[in-house]
Each structure stands twice: as structure tokens, then as C-alpha cells.
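Peer 1: Please find the sequence and the predicted model below.
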Amino acid sequence: MIKAEVRFTEKHFNALMKTQKISWVTYFCGFFMFAILAMLIVSDIYADDFGWDSVKPMIIWAVFLMVILWLKYMVSPKKQFMNYQKNFPNAVNTYCFGEEKFSLSSVSDSSSGTSEYVYESVESAEEKNGFFKIKIKGAGFTIIGLEEFTEGTPEELRELLKIKLGSKFKSGGK
């Protein structure tokens with residue numbers, strides 16, 4: 001059995017943010033924000049040809065798209081960590097990896113619980129930047145630092161994930 005005891009820190013949340021892929025929504029919003037800003041510059045240059053009524057909707061759309069991007073990507077890991085600590089004070093998460101399944105037990109001053117997962121429920125996993133990051137279908141991400149193992153080693157978990165997840169597990173990289 002491989003076991004890890006994790007007390008989430010801001011470092012964990014920073015590592016999780018680096019895991020997130022840039023989605024088509026980001027590209028879409030970025031492209032349209034650029035287009036709207038370009039139109040605003042052009043309308044400012046040719047202010048006599050454009051009325052204020054044609055500029056107002058562009059400003060509203062630019063602000064709307066910036067808010068979407070901010071909500072999606074700019075919520076800081078520090079703020080997320082502070083919210084986590086507020087909701088789950090003194091939380092300790094214990095991960096146990098067996099041959100057929102793995103479990104997460106979470107205990108904090110406000111709640112406790114245990115969840116078990118079969119390896120087929122893992123969408124993807126990677127070892128990068130000193131962490132194992134595991135994405136579980138319907139449950140989101142979880143993260144374990146390489147120094148947080150209490151039984152077994154990171155090498156043993158790496159081998160287990162390679163066997164159980166195959167191509168869904170990526171290893172290496174800084």
C-alpha cells in the first residue's frame with residue numbers, strides 16, 4: 001500500500017493552476033477583445049465618422065469578455081487557498097493507493113469523509129513540478145507533493161499509475 005498525508009498549501013494551488021489547459025473560450029474571448037479594442041482605436045481615429053452609439057456596444061462587449069476571462073483564469077491560487085482554509089480549517093487529506101482502487105480520507109475542523117475510486121475513474125494523471133496531479137471523473141483534481149508520502153515512495157506510485165492508467169499517466173518535466 002502507498003500512503004500520503006497532505007495538508008494543502010498555496011504551493012499546491014499554484015501547481016494545480018499550472019495544470020489547467022487554455023480552452024477555446026480563452027482564445028475566443030481573447031480574439032474578440034483584441035478585435036473590439038482594434039475597432040475602438042479605429043473609431044477613435046475616425047471619431048467624426050462614427051457616433052458614440054456605435055462605440056458603446058463595443059465597450060460593453062470588451063468589459064463583458066474581460067470579466068469572463070477574469071472569472072475563468074485570474075482567480076489567484078492564493079485566494080483559492082484562503083477560501084479552502086476558511087471552509088476546511090486544519091484539513092488533513094490521506095491518500096491510500098492499493099492494487100484495485102485508491103481512497104481519499106479528508107478530516108478538518110468542519111467536516112470529514114472518505115471517497116474511494118477505481119483507477120478507471122481517473123481521466124488523467126501527471127507527475128510534474130514535484131507533484132502528482134490526478135484528475136478524477138466527476139470529482140476534479142487532487143494533488144500530492146513528492147515529499148508527502150508516509151508509506152511507500154513516489155517511485156512506487158509512479159510505477160502503479162503507469163500500470164493502472166497506461167497512456168493517461170504522464171511523468172517527468174519540471
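Peer 2: Yep, that arrived. The structure displayed is predicted, hence computed values, not measured ones.
Peer 1: hey, let's count contacts and neighbours off CA atoms from now on
Peer 2: Will do.
Peer 1: any idea which helix or strand carries P57?
Peer 2: Using DSSP states H and E, P57 sits in helix 52-73.
Peer 1: I'd like the average pLDDT over that helix.
Peer 2: Averaging pLDDT along helix 52-73 gives 69.
Peer 1: same question, stretch 33-40
Peer 2: On average, stretch 33-40 scores 72.
Peer 1: Can I get it in PDB? Just the C-alpha atoms.
Peer 2: Presented in PDB, the C-alpha positions along stretch 33-40 are these (Å, rounded to 0.1, in the frame of the first residue of the first chain):
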ATOM      1  CA  MET A  33     -11.300  41.500 -27.000                       C
ATOM      2  CA  PHE A  34      -8.500  42.300 -29.400                       C
ATOM      3  CA  ALA A  35     -10.900  42.900 -32.300                       C
ATOM      4  CA  ILE A  36     -13.100  45.100 -30.200                       C
ATOM      5  CA  LEU A  37     -10.100  47.100 -28.900                       C
ATOM      6  CA  ALA A  38      -8.900  47.500 -32.500                       C
ATOM      7  CA  MET A  39     -12.300  48.800 -33.500                       C
ATOM      8  CA  LEU A  40     -12.300  51.200 -30.600                       C
END
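Peer 1: Work out the gap between it and the centre of the chain.
Peer 2: For stretch 33-40, the separation from the chain centroid amounts to 29 Å (computed by Cα atoms, centre = their mean, to the nearest Å).
Peer 1: what's in contact with it?
Peer 2: Stretch 33-40 is contacted by residues V55, M58, I59, W61, A62, L65, M66 when judged by Cα atoms under 8 Å, 6 or more residues apart in numbering.
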